[in-house]
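Colleague: Pasting a predicted model and its sequence here:
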Amino acid sequence: MLVIDELSSFKSNQSKRFRSLIKVRPKVKRIVGLTGTPSSNGLMDLWAEFRLLDMGKRLGRFITQYREIYFKPDKRNGNIIYSYKPREFAEESIYKKISDITVSMKAEDYLKMPKLIINEVVVELDEKERNIYETLKKELVVELKDKEIDAINAASLSNKLLQMASGSIYDEDKNSIKIHDRKLDALEDLIEGANGKPVLIAYWYKQDIKRIKERMKVRELKTSSDIKEWNQGRIPIATIHPASAGHGLNLQAGGSTLIWFSLTWSLELYQQTNARLNRQGQKENVVIHHIITKDTIDEKVMKALKLKERTQDLLIDAVKANLEVVD
């Protein structure tokens, strides 16, 4: 018998771990996959996961077959297709096919969980800062302090705009150029509003943590010793990177307030980071703040996270366990 914890880490059929496991899968008599984020980037994620579970019985043996049946091309350049979107019947059909081997149990339905409060704190750019942002967005190049910042493609532009929304941007030599301190000011206000309660700050770029450290005294949670001290309530302000806020990391004993200084497109990393505080054992209501720069890519990231979350919630609800406790 094989039990896969965090099945979502096998969602890419191109990954080495998927290819390695699929080779030995026929030798496994019984298999169980566990995950809280089965479709963090949409329904396309499900194929590889269920290919491991049932050898392709429900969603097909090949990803091309799965795509042809349930998806249609979305963004493309000539014959090159960059993304796919589900056909009208896809969600219901996919959920129905996998429902017989899928059990979904939400923590809030079975455990006494604290109340979760989601909050968005909006900051605004002044005219000069807005002009810099809009110039890069439209022309893919902007001049800052005698340095030319360019974005060579859509992914690079998205990255640069996220940096600018947070307050600084990297030049071609990886030097950080300051644009504004709007988010740092909002961060200070939120920490002051916490009235002495421990606060955990999530950041995405290295320049973010550098600027935060210049403004206030914080402790990065990197080692087991850091985590132990946080859970003992000995660290008033801590920072964490979503990529290191790994599955199963327990931080709920140290605080109940999380502030997203800069955002990530990854629903999986976003949800996993939130779950470090919002989990069983948490004694207080959990407050998650998002510092959003108005009329920037921050708003698009938040919208994307909410849409992905909805798709995933629909999947989980569709296969939700209806269990009766029998004496």
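Modeller: Yep, that arrived.

Colleague: From here on, just use CA atoms for contacts and neighbour counts.
Modeller: Will do.

Colleague: Quick one: residues contacting the residue lying closest to residue 249 once chain neighbours are set aside.
Modeller: With sequence-adjacent residues excluded and distances taken as CA to CA, 6 or more residues apart in numbering, residue 249 is closest to residue 276, at 6.1 Å. Counting by CA atoms under 8 Å, 6 or more residues apart in numbering, residue 276 touches 245, 248-252.

Colleague: again, 7 Å this time
Modeller: When contacts are counted by CA atoms under 7 Å, 6 or more residues apart in numbering, residue 276 touches 249-252.

Colleague: distance of it from residue 237?
Modeller: Remark: distance between residue 276 and residue 237 (CA to CA, to the nearest Å) = 15 Å.

Colleague: How about residue 42?
Modeller: Separation of residue 42 from residue 237 (CA to CA): 34 Å.

Colleague: So, low pLDDT: which residues of the stretch 101-250 of the chain?
Modeller: The stretch 101-250 of the chain contains residues with pLDDT under 70 at 141-154, 246-248.

Colleague: Show me where it has its strands.
Modeller: For the stretch 101-250 of the chain, the strands defined by DSSP state E, counting those that start in this stretch cover 116-123, 141-144, 147-150, 168-170, 176-178, 199-202, 219-220, 237-240.

Colleague: Could you export these as JSON lines, including mean neighbour count?
Modeller: Shown next, in JSON lines, are these (neighbours: other CA atoms under 10 Å):
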{"stretch": "strand 116-123", "mean neighbour count": "14"}
{"stretch": "strand 141-144", "mean neighbour count": "15"}
{"stretch": "strand 147-150", "mean neighbour count": "15"}
{"stretch": "strand 168-170", "mean neighbour count": "21"}
{"stretch": "strand 176-178", "mean neighbour count": "17"}
{"stretch": "strand 199-202", "mean neighbour count": "25"}
{"stretch": "strand 219-220", "mean neighbour count": "17"}
{"stretch": "strand 237-240", "mean neighbour count": "20"}
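
Colleague: Any chance of these in a markdown table with distance to residue 157 as columns?
Modeller: Formatted as a markdown table, the strands of the stretch 101-250 of the chain follow (distance: least, CA to CA, whole Å):
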| stretch | distance to residue 157 |
| --- | --- |
| strand 116-123 | 21 |
| strand 141-144 | 9 |
| strand 147-150 | 8 |
| strand 168-170 | 11 |
| strand 176-178 | 16 |
| strand 199-202 | 22 |
| strand 219-220 | 28 |
| strand 237-240 | 25 |
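
Colleague: Of all those, which one is nearest residue 21?
Modeller: The minimum distance between residue 21 and these falls on strand 237-240, with 31.4 Å, by CA to CA.

Colleague: neighbouring strands for the closest one, and are they parallel or not?
Modeller: Here strand 237-240 is paired, per DSSP bridges, with strand 199-202 (parallel), strand 219-220 (parallel).

Colleague: Residue 86 is nearest to which of those strands?
Modeller: strand 199-202 (31.8 Å).

Colleague: mind checking which of the strands of the stretch 101-250 of the chain is nearest residue 79?
Modeller: So among the strands of the stretch 101-250 of the chain, strand 147-150 is nearest, using CA to CA, at 27.4 Å.

Colleague: model confidence over the helix or strand where residue 68 lies, on average?
Modeller: If you go by DSSP states H and E, residue 68 is part of helix 63-70. Average pLDDT, helix 63-70: 94.

Colleague: give me the beta-bridge partners of residue 168?
Modeller: residue 178.
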